[in-house]
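Student: Predicted model follows, preceded by the sequence.
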Amino acid sequence: MPSSDTDLGERLAARTLELIDLPSESRDEAALAAHVRSLLPDARDLGDTGLLAGPEGARVLLGGHLDTVPAQGNRPGRRDGERVIGLGASDMKGALAVMIELVRDGLPFGALFFGREELPFDESALTPLLARHPLSPELAVMMEPTDNALHAGCLGNVNATWTFTGVSGHSARPWFADNAITRAAAGVTALAAHEPEPHDFDGLEFVEVASVTKIAGGIAMNVIPGEATAHVNYRYAPGRTPEEAEARLQELCAGHGELRIDAHAPSGAIARGPLVDALIAAGDLEVAPKQAWTPVAEFAQAGLAAVNFGPGDPPQAHTRGEEISVAALVRSYRVLERFAETL
């Protein structure tokens, strides 16, 4: 085991930088999976770049996704004093480094590595992996960025196409046409008028939001468009069923255009119990609701209690200048090290 936080920090920083420099954008995780297996030779290959390391029957399973979003000129990574900078530093190669070193140091955690987390839910590698290889830990700790707080549960995530239909015509005589972009503008403005909605669930406040994230319309400079489309993203709190969530989004968009649900990732339940309490106590952790979707929902669908805890800083995720502090890496390791003493 490392003799000091300084030694541990150097080791974790070096491992994080090593992982950053291995490309692993979604669907291209094979090289990184092979590298992780070389570091953890006893790891079990679960197929489709999935790996399970650590002792068999571990009570606690650490989870980490191998993939990143596309590069933005931020690979290779670099070390700048007490920060490691580069693609995936915060989301979530710093966490992968912590997982790897915990297993290499012999702590009693299982560690599950998987791909395609950054893609839509229906392309996830985790849900089919859990169906092929049912696991039974008492608690899964998904090491998504939480800035070393414990984030409970997660929002559901609905993606939809909103189509506005008008009548095309000549732009010199727009009164003979019906401008679909104008119809879209009215719908988007009406949706934007709905304030974010706080919802209390199991003692934590989640905020439900619906946003237009893309819009397109028009075929030429001199043609009034007959159709315009928008993409709507809806994040909803635990406690709503998927059917209730889709009905609520239809309600929010009612009276404007036609809404089609394209994809739906359900919300994640809030895990409670002695192991969650022990993890919180191990680091005197702040507890907050997870104001995002994470694979906690997939673990919950598989019947597993799960929480979010990791060293990454959420606002850093997916940014061009993505970074993680060495201190955050060390704290994450030390909290889990103390947690391991209770297992």
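Tutor: That came through, no problem. Numbering: from 1, shown residues only.
Student: end-to-end on stretch 194-204?
Tutor: 22 Å (Cα to Cα, to the nearest Å).
Student: neighbouring contacts of stretch 267-282?
Tutor: 59-60, 138-139, 141, 150, 152-156, 201-202, 204, 236-240, 245, 285, 287, 290, 293-294, 296-297, 299-300, 305-307, 309, 335-336, 338-339, 341-342 (Cβ atoms under 8 Å, 6 or more residues apart in numbering). No exception for glycine: its C-beta is placed from N, CA and C like everyone else's.
Student: Contacts only, for the residue sitting nearest the centre point of the chain.
Tutor: Geometric centre of the chain, nearest residue: T294, 4.1 Å, by Cα atoms, centre = their mean. Residues near T294 by Cβ under 8 Å, 6+ apart: M142, E144, H151, C154, G268, N308.
Student: Nearest to P196, out of these: which one, please.
Tutor: Checking those against P196 with Cβ to Cβ, the nearest one is C154 at 16.7 Å.
Student: And the spatially closest residue to D91 that is not a sequence neighbour, how far from I215?
Tutor: Sequence neighbours aside, A317 is the residue nearest to D91 in space, at 3.7 Å (criterion: Cβ to Cβ, 6 or more residues apart in numbering). The gap separating A317 from I215 is 25 Å, by Cβ to Cβ, to the nearest Å.
Student: higher neighbour count, these two?
Tutor: Comparing A317 with I215 by other Cβ atoms under 10 Å, the one with more neighbours is A317, at 19 against 16.
Student: wait, doesn't the more buried one sit right on S90?
Tutor: Yes - contact criterion Cβ atoms under 8 Å: A317 and S90 qualify, at 5.4 Å.
Student: Spit out the residues that contact the two alike.
Tutor: Common contacts of A317 and S90 (Cβ under 8 Å, 6+ apart): P145.
Student: mind checking the SS state of E205?
Tutor: strand (DSSP: H, G, I helix; E, B strand; the rest coil).
Student: Could you check how far it is from E197?
Tutor: Taking Cβ to Cβ, one finds E205 at 11 Å from E197.
Student: repeat for E227
Tutor: The separation that E227 has from E197, given Cβ to Cβ, amounts to 30 Å.
Student: which one of those two has more residues nearby?
Tutor: The neighbour comparison of E227 against E197 (other Cβ under 10 Å) goes to E227, with 19 against 14.
Student: nearest residue to the more buried one other than its sequence neighbours?
Tutor: That would be A180: by Cβ to Cβ, 6+ apart, it lies 5.0 Å from E227.
Student: any idea how far the residue nearest to D91 is from A292?
Tutor: In terms of Cβ to Cβ, A317 sits 9 Å off from A292.
Student: T146 too?
Tutor: 10 Å.
Student: what do those two both touch?
Tutor: In contact with both T146 and A292: P314, using Cβ under 8 Å, 6+ apart.
Student: the more surrounded of the two?
Tutor: More crowded of T146 and A292, by other Cβ under 10 Å: T146, with 25 against 17.
Student: List the buried residues of stretch 29-39.
Tutor: By neighbour count on 16 or more other Cβ atoms under 10 Å, the buried set for stretch 29-39 is E29, L32, A33, H35, V36, R37.
Student: Which ones among the residues you listed map onto helices?
Tutor: Residues of those located in helices (DSSP state H): L32, A33, H35, V36, R37.
Student: okay, stretch 262-272 in CSV with CA atoms only?
Tutor: Extracted as CSV, the C-alpha positions of stretch 262-272 are listed here (Å, rounded to 0.1, in the frame of the first residue of the first chain):
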residue,chain,number,x,y,z
ASP,A,262,-37.5,8.4,-29.6
ALA,A,263,-35.6,7.0,-26.5
HIS,A,264,-36.2,6.7,-22.8
ALA,A,265,-33.7,5.9,-20.0
PRO,A,266,-35.7,5.4,-16.8
SER,A,267,-34.8,7.1,-13.5
GLY,A,268,-32.8,5.4,-10.7
ALA,A,269,-34.0,4.6,-7.3
ILE,A,270,-32.4,6.0,-4.1
ALA,A,271,-30.4,3.3,-2.3
ARG,A,272,-30.5,3.1,1.5
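Student: Run the chain-centre distance for that stretch.
Tutor: Chain-centre distance of stretch 262-272: 12 Å, with Cα atoms, centre = their mean, to the nearest Å.
Student: Over to stretch 212-231?
Tutor: The answer for stretch 212-231 is 30 Å, by Cα atoms, centre = their mean.
Student: Kindly export it (C-alpha atoms) in PDB.
Tutor: The C-alpha coordinates for stretch 212-231 follow below in PDB (Å, rounded to 0.1, in the frame of the first residue of the first chain):
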ATOM      1  CA  VAL A 212     -35.200  22.000 -26.800                       C
ATOM      2  CA  THR A 213     -31.700  21.000 -27.700                       C
ATOM      3  CA  LYS A 214     -31.800  21.000 -31.600                       C
ATOM      4  CA  ILE A 215     -34.000  22.600 -34.200                       C
ATOM      5  CA  ALA A 216     -34.100  22.400 -38.000                       C
ATOM      6  CA  GLY A 217     -36.300  23.700 -40.800                       C
ATOM      7  CA  GLY A 218     -36.400  25.100 -44.300                       C
ATOM      8  CA  ILE A 219     -35.200  24.000 -47.700                       C
ATOM      9  CA  ALA A 220     -34.200  27.200 -49.500                       C
ATOM     10  CA  MET A 221     -33.700  30.900 -49.000                       C
ATOM     11  CA  ASN A 222     -36.900  31.800 -50.900                       C
ATOM     12  CA  VAL A 223     -39.300  29.100 -49.700                       C
ATOM     13  CA  ILE A 224     -41.600  29.400 -46.700                       C
ATOM     14  CA  PRO A 225     -41.000  26.000 -44.900                       C
ATOM     15  CA  GLY A 226     -43.800  23.500 -44.600                       C
ATOM     16  CA  GLU A 227     -42.100  21.500 -41.800                       C
ATOM     17  CA  ALA A 228     -39.700  22.100 -38.900                       C
ATOM     18  CA  THR A 229     -38.500  19.700 -36.300                       C
ATOM     19  CA  ALA A 230     -37.000  20.100 -32.900                       C
ATOM     20  CA  HIS A 231     -35.400  17.700 -30.400                       C
END
